[in-house]
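> predicted model follows, preceded by the sequence.
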Amino acid sequence: MSDTDSDLGIIPVIMNRMKKKTPIQRFRKDVDTDEESLYESTHQKVKKMNKKKRVVLKDGFTNVTYKNISKKRRRYISDLYTTLLDSSWTYCVLMFTTSFYGSWIIFGGIYYLISVMHGDFMEENLSSSASNSSEKWIPCILETDGFAACFLFSLETQHTIGYGTRQTTTECPDAMFVMSVQAVLGCI
């Protein structure tokens, strides 16, 4: 009877020990839970990412550390590829829109200056090109009467939309050269 008493006395001791033990961990300890990662500093996150050897994590955080780079802001803007990768979508759309409108306005201004220097917008030349006189004035760009028409010519040239009646003439080699430069730069 002493054997059964001793066996029964051991069972509560084993049960107490099982209650006190922590459950077996099936997950690795280095894997972060969402709650733990909320309270980590950026330095701690970077340290952990360097251990993982991933370039971009699932949450979009990059595993790139900048070392020995002085004046990072200046380098950020000077390298267009890195700037576009690190920028937000709204900034990228704003940059592309600004570059298109900027190039159209700059080249439109150049066409306008060429036309003004050639005398295309003087009153007597505008009226003689519209009439059927024997001494007809030939402008640098046909069907232009101001900056708006030069802007549209710039837009049509850069995107090869098609001119209709607005086109360069052989009177101004400057306009032909600028048009070829714009066509090449528009492809870039």
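Alright, I've got the coordinates. Numbers count the residues shown, from 1 in each chain.

> can you give me the pLDDT of F147?
Here the pLDDT value assigned to F147 is 95.

> which residues touch Q158?
Contacts for Q158 were tallied using C-beta atoms under 8 Å, 6 or more residues apart in numbering; they are S103, W104, F107, Q182, A183, L185, G186. In this view, the C-beta of every residue, glycine as well, is placed from N, C-alpha and C.

> now, those that are in helices?
S103, W104, F107, Q182, A183, L185, G186 (DSSP state H).

> and which of those residues is nearest to T42?
Distances from T42 to the ones in helices among the contacts of Q158, taken as C-beta to C-beta, are shortest for S103 (39.0 Å).

> what's the neighbour count on F61?
13 (other C-beta atoms under 10 Å).

> just checking, it touches K45?
Yes: counting by C-beta atoms under 8 Å, K45 is a contact partner of F61 at 6.9 Å.

> and the host helix or strand of C92, average pLDDT?
In the assignment (DSSP states H and E), C92 maps to helix 89-118. The average pLDDT within helix 89-118 is 93.

> what packs against that helix?
On a contact count with 3 or more C-beta pairs under 8 Å, 6 or more residues apart in numbering; DSSP states H and E, helix 89-118 meets helix 147-158, helix 173-187.

> distance of T157 relative to W104?
9 Å (C-beta to C-beta, to the nearest Å).

> looking at those two, which one has more neighbours?
For T157 versus W104, neighbours defined as other C-beta under 10 Å are more numerous around T157 (25 against 22).

> got TSV for the helices and strands packed on helix 89-118, with distance to H118 too?
Converted to TSV, the helices and strands packed on helix 89-118 look like this (distance: least, C-beta to C-beta, whole Å):
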stretch	distance to H118
helix 147-158	12
helix 173-187	8
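
> please identify the most buried of these.
With neighbours taken as mean count of other C-beta atoms under 10 Å, the helices and strands packed on helix 89-118 reach their highest mean count in helix 147-158, at a mean of 20.

> measure how it sits relative to helix 89-118, angle-wise.
Helix 147-158 runs at 120 degrees relative to helix 89-118, counting by axes from the mean of the first three to the mean of the last three C-alpha atoms, to 10 degrees.

> list phi and psi for the closest residue in space to P139 that isn't next to it in sequence.
Nearest non-adjacent residue to P139, counting by C-beta to C-beta, 6 or more residues apart in numbering: D120, 4.0 Å away. Note on D120: its backbone torsions stand at phi -70, psi -20 [degrees, to the nearest 10].

> I figured D120 hits E143, correct?
No: if you go by C-beta under 8 Å, D120 and E143 don't touch, sitting 10.7 Å apart.

> between those two, who's got more neighbours?
The residue with more neighbours, out of D120 and E143, is D120; 24 against 14, by other C-beta under 10 Å.

> which ones are touching the more buried one?
L126, W137, P139, C140, I141, T144.
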